[in-house]
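Q: Compute the structure for the input listed below.
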Amino acid sequence: MGNSLFDQLNKSGLVDNNKAKQAKKEKYRQAKKQKGRQAKPLPESKLRAQQVQVEKVQRDRELNQQRKQAAEKKAIAAQIKQLIEMNRIEADEAERDAAIAFNFVDGKNVQRLYVTEKLQEQLMRGRLAIVKLEGGYNLVPAGVAEKIILRDPTCVMHCAAAEPEASDMDDPYADYQVPDDLMW
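A: Residues are numbered from 1 along each chain as shown. Predicted coordinates:
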């Protein structure tokens with residue numbers, strides 16, 4: 001009884017040693033293939049750990065995106081501030097006495113800015129614009145206002161459409177004088 005099946009078949013002459021070795025190798029190869037094909041089920045703790053890692057990576061990505069957007073907003077605000085401070089138009093001290101109130105809309109409120117007659121004319125013709133910086137209002141050239149609009153349109157409070165320059169030869173009313181006291 002202690003003899004294996006192979007030993008019994010070998011004694012009876014039905015199987016020789018070479019065929020037995022080949023059969024053993026083939027059986028080993030098949031077992032190895034089957035083992036490779038079967039995916040070992042991962043323990044639940046490993047699955048949970050992988051899931052936590054994926055969630056952490058996603059959360060980190062979102063935080064990095066938020067930080068990047070905040071940095072971009074800060075850079076744009078710095079660019080706008082620099083544009084306004086470098087190009088702001090100041091009225092001379094002598095001209096401030098003859099100031100005219102210029103009304104414009106900021107959100108739902110009507111605001112008032114005191115400007116000279118010359119600045120008022122430029123505002124109405126679209127050569128100047130009113131921009132908001134840190135709660136105050138400043139006058140800047142229309143070209144600068146366009147650059148600011150590209151970065152943040154909410155900073156520009158008033159920018160009239162620029163009127164094309166009419167030549168003196170094409171003006172049919174050039175012969176008529178406009179009274180000086182006429183104010184709109």
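
Q: lowest average confidence, helix or strand, in the protein?
A: helix 93-96 (a mean of 54; mean pLDDT, DSSP states H and E).

Q: quick one: the very next helix or strand once past that helix to chain centroid distance?
A: Once helix 93-96 ends, the next helix or strand along the chain (criterion: DSSP states H and E) is strand 100-106. Relative to its chain's centre, strand 100-106 lies at 33 Å (Cα atoms, centre = their mean, to the nearest Å).

Q: ok, now stretch 25-35?
A: Here the centre of stretch 25-35 is set off from its chain's centre by 57 Å, with Cα atoms, centre = their mean.

Q: all helices of the protein, in order?
A: 5-12, 17-37, 44-87, 93-96, 117-125, 142-151 (DSSP state H).

Q: Please identify which of those helices is closest to residue 160.
A: Residue 160 lies closest to helix 117-125 among the helices of the chain, at 6.1 Å (Cβ to Cβ). Glycine gets a C-beta too; all of them are placed from N, C-alpha and C.

Q: possible to save the helices of the chain as JSON lines with distance to residue 160 and mean neighbour count?
A: Converted to JSON lines, the helices of the chain look like this (distance: least, Cβ to Cβ, whole Å; neighbours: other Cβ atoms under 10 Å):
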{"stretch": "helix 5-12", "distance to residue 160": "103", "mean neighbour count": "12"}
{"stretch": "helix 17-37", "distance to residue 160": "76", "mean neighbour count": "10"}
{"stretch": "helix 44-87", "distance to residue 160": "17", "mean neighbour count": "11"}
{"stretch": "helix 93-96", "distance to residue 160": "21", "mean neighbour count": "10"}
{"stretch": "helix 117-125", "distance to residue 160": "6", "mean neighbour count": "16"}
{"stretch": "helix 142-151", "distance to residue 160": "8", "mean neighbour count": "16"}
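
Q: Pass me the low-pLDDT residue ranges in this protein, would you?
A: The chain contains residues with pLDDT under 70 at 1-2, 36-42, 91-98, 162-169, 179-184.

Q: do that again at 80, thanks
A: Low-confidence segments of the chain (pLDDT under 80): 1-11, 13-17, 20, 33-43, 90-99, 135, 157-184.

Q: center of it, which residue is that?
A: residue 69 (5.5 Å; Cα atoms, centre = their mean).
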